[in-house]
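Asks: Predicted model follows, preceded by the sequence.
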Amino acid sequence: MGRINYLLDTNILSEPARLESSAKVMQRLAQYDGQFATAAIVWHELIYGCALLPDSKRKNQLQSYLSMLLDNGLMILPYEQTAAEWFAQQRAILKAQGKTAAYADGEIAAVAAANNLILVTRNIDDFQIYENLMLDNWFE
């Protein structure tokens, strides 16, 4: 496995499980295979979303996809002290500007920043409020 360069947000990591997935995202996932991880917060969002579904063929497919990600060695990075300190500082900066940070997105951003990773998300606008956070959108 190569060096981890990217932290995948929920909307990127879930794309292969969609019935019609983005060719651009799929190409990037293949291109950077072994160079990405996700955050425990993203993993929570995926498991939670799956758990909310009624028992069905679709739910079984999603559970199989999530298991496959783990079987293939997807690294799930924790929200730990360095990330917590980064997010606390960012929240204080934003509060001074009269802005409120979305908590889950802030934790995801913090994991990326604490690990010096590029956060890959479709929702660039949700993360541009943070200072010194590298972003990329694989849908473009």
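Replies: Sure thing, it's come through. Numbers count the residues shown, from 1 in each chain.
Asks: Against residue 139, how distant is residue 95?
Replies: 31 Å (C-beta to C-beta, to the nearest Å). Yep, even glycine has a C-beta here, placed from its N, CA and C like the rest.
Asks: My error: substitute residue 79 in the last question.
Replies: Counting by C-beta to C-beta, the gap from residue 79 to residue 139 is 25 Å.
Asks: These two: who's more crowded?
Replies: Neighbours were counted for residue 79 and for residue 139 using other C-beta atoms under 10 Å; residue 79 has more, 18 against 15.
Asks: which residues in this protein form helices?
Replies: Under the criterion DSSP state H, the chain contains helices at 10-13, 23-31, 40-52, 57-71, 81-96, 103-114, 124-127.
Asks: quick one: which of these is nearest residue 4?
Replies: Among the helices of the chain, helix 103-114 comes nearest to residue 4, with 10.7 Å by C-beta to C-beta.
Asks: Report the buried residues of that closest one.
Replies: Of all the residues in helix 103-114, those buried under the rule 16 or more other C-beta atoms under 10 Å are 105-114.
Asks: Quick check: which ranges of this protein have low pLDDT?
Replies: Within the chain, the stretches with pLDDT under 70 are 1-2.
Asks: what's the distance between the residue located most distally from the centre of the chain and residue 138?
Replies: Distance from the C-alpha centroid of the chain, by C-alpha atoms, centre = their mean, peaks at residue 96 (26.7 Å). Distance, residue 96 to residue 138, using C-beta to C-beta: 33 Å.
Asks: Equivalent analysis for residue 92, please.
Replies: Using C-beta to C-beta, one obtains 31 Å as the distance from residue 92 to residue 138.
Asks: Give me the more crowded residue out of the two.
Replies: residue 138 (22 against 11).
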